[in-house]
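Participant: A structural model of the following input is requested.
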Amino acid sequence: MLLRMLDQAPRTVLALVSLFCIALLGFGLYLQHGLGLEPCPMCIVQRYALVLVAVVAGLTAMLRSRGAHLAGGLLTLLIAGFGAFVAARQTWLQWYPPEIASCGRDFYGMIETFPLKRAVPMIFAGGGDCAAVDWTFLGGSIANWSFLCFVAIGVAMLALLWRRSVAR
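Facilitator: A predicted model of the protein is given here:
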């Protein structure tokens, strides 16, 4: 059934990948604003990767040509690979925390200490500790689950690229 979907409805697969990323971003915002977990700089980079995957997959889903599906699928695969790399690096930091952990500054401290033109870029850098595990689900941290989600997106894109490249 999945192979049939990759062959007959690649646009649906791409749209589902885009919606999956939007759902993950929404969950990340819930963790941040609902549960009060402050994202670290690596978490922010993973969010940017999710936004890019969602945008590229969503725009590619709107196109009908096989070439566009191949190009968009390849770009989505590359971005997902980058997100998986960052999540894997954060997982490594969580398993082997450094002696001195410092990934960012306190949000309010940045605003009070620095002029606005310096504070705004620092705000987007995040403020949490990249090595800290603040939340788990089934024994996995946010970074672990993020890695698995990026890998799942990558596998879906590899399958889509393979099926689209051998399609007539």
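
Participant: residue contacts, Ile153?
Facilitator: Residues near Ile153 by Cβ atoms under 8 Å, 6 or more residues apart in numbering: Val17, Phe20, Cys21, Val53, Thr76, Ala80, Gly83. C-beta here means a position set from N, CA and C on the backbone, and glycine is covered the same way.

Participant: other SSEs contacting the lengthiest helix in the chain?
Facilitator: The longest helix of the chain (DSSP state H) is helix 66-95. When contacts are defined as 3 or more Cβ pairs under 8 Å, 6 or more residues apart in numbering; DSSP states H and E, helix 66-95 packs onto helix 10-29, helix 41-62, helix 142-166.

Participant: What residues of the second one count as buried?
Facilitator: Buried positions in helix 41-62, judged by neighbour count with 16 or more other Cβ atoms under 10 Å: 41-47, 49-50, 52-54, 56-58, 60-61.

Participant: for stretch 32-40, which positions count as buried?
Facilitator: Leu37, Glu38, Pro39, Cys40.

Participant: And the average pLDDT for that stretch is what?
Facilitator: For stretch 32-40, mean pLDDT is 82.

Participant: got the end-to-end distance for it?
Facilitator: 11 Å (Cα to Cα, to the nearest Å).

Participant: And the pLDDT at the nearest residue to Ser146 once chain neighbours are set aside?
Facilitator: Of all residues not flanking Ser146 in the chain, Ala87 sits nearest, at 4.1 Å (Cβ to Cβ, 6 or more residues apart in numbering). Ala87 is assigned 89 on the pLDDT scale.
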